[in-house]
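Colleague: I would like to see how this sequence folds:
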Amino acid sequence: MKLEELIYSRISGAKYGSTGLASFNGAPAIFFGPCPEDTDRGWERGRQYPRISYSLDLRGDPERQTAGTLYVDVWCTEDGPAPEDIEPVLRAVLCGVIMAPEHDNPCSFSWQASQTFQSARETKTDKVIGVTVTFDMIAFPEQITSDPDPVLAMMKFIRDEYPEITVIGQNTLPDFTEPSEEHPAVYFRLDGYELGRETHTVAWLEGVVACHVFAPGASARQRWIRALVDNLARRGEVIMLDTSPMFLRRIAADNTLDPLAAGQIRLGATWGILKYPTYAHGINHVGTAATKGQKQ
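Modeller: Residues are numbered from 1 along each chain as shown. Take a look at the predicted model:
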């Protein structure tokens, strides 16, 4: 499904109190873009509120390729369910879930703000009020480059050491992935690198690998961050796919950082690249040993 369809699926699958949302053409009154006019015949039994409309504002991001803002408007009347009752439901179904749109990068949303409003439109008996809920969206593009790849090495390390963790970019994701305390998710990206020292055969690169840890609640995230940091600190290195070591020179963790944008773990890594390909001398002349007594 496309991203806007995934968003619709999450919103439409939620429970909005005893009355629920109004219906339009047999479906919940949830619209991507403007709502239909109140005079439209699609409204069932004349009930038009509560209703939800949403829009997605995408923009390019130099590091994450795609970012954006999701705006969700909740429309109610004063004599029905209050917007403040529906707003927490939207935050619960949209935040903390990793969506995997078809032919696009996985992404996730975080709540930014909620602002109430009073609409200029009115029903025959009441005023229309509502709330606009704003979410930040950040994508998780594939970070794999060329071998030896520090990001790919970290993803393989986590996959082998912690099979219960979902590795974004390594595991095949369903439409929705909801990290839990027992099954968190992680995302790795290379946050810059530079050439360090050089030897005759090896160029040593020094960079920072950022790790994003997703789990519900600060305590669960802290527990997994500590487990990963302790394991990496004991090892001091991670073996890359070409069997060369990637040395961990510095490990820093901060659970207060945004897991969506910044990531809570930063690994100062050093890895080597061979300057020259492996060369073996070829055999230029092939002959057979002479049999005893035969002329050479």
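Colleague: Now do residue 125, the pLDDT please.
Modeller: We have a pLDDT of 62 for residue 125.
Colleague: what does residue 6 give?
Modeller: For residue 6, pLDDT reads 97.
Colleague: Show me what the longest strand seen in the chain is packed against.
Modeller: The single longest strand within the chain, with elements called by DSSP state E, is strand 107-122. In terms of contacts (3 or more CB pairs under 8 Å, 6 or more residues apart in numbering; DSSP states H and E), strand 107-122 is packed against strand 65-77, helix 83-94, strand 98-99, strand 127-139. Where you see a C-beta, it was placed from the backbone N, CA and C, and this is true even at glycine.
Colleague: So for residue 16, which of the ones you listed sits nearest?
Modeller: Across these, residue 16 has its closest neighbour in helix 83-94 (5.4 Å, CB to CB).
Colleague: the inter-axis angle of the longest strand of the chain versus strand 127-139?
Modeller: 160 degrees (axes from the mean of the first three to the mean of the last three CA atoms, to 10 degrees).
Colleague: for the stretch 1-150 of the chain, which spans come out with low pLDDT?
Modeller: 63-66, 121-125 (pLDDT under 70).
Colleague: domains for this protein, by residue range?
Modeller: Domains of the chain are assigned by automatic domain parsing as 3-139, 150-274.
Colleague: Using JSON lines, lay out those together with mean neighbour count.
Modeller: Converted to JSON lines, the domains of the chain look like this (neighbours: other CB atoms under 10 Å):
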{"stretch": "domain 3-139", "mean neighbour count": "16"}
{"stretch": "domain 150-274", "mean neighbour count": "17"}
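Colleague: hmm, back to that, could you point out which of the helices and strands packed on strand 107-122 sits nearest residue 218?
Modeller: helix 83-94 (16.6 Å).
Colleague: List of residues touching that closest one?
Modeller: For helix 83-94, contacts defined as CB atoms under 8 Å, 6 or more residues apart in numbering pick out 7, 10-11, 13-17, 50, 52, 70, 72, 74-76, 109, 111, 114, 116, 129-131, 133, 135.
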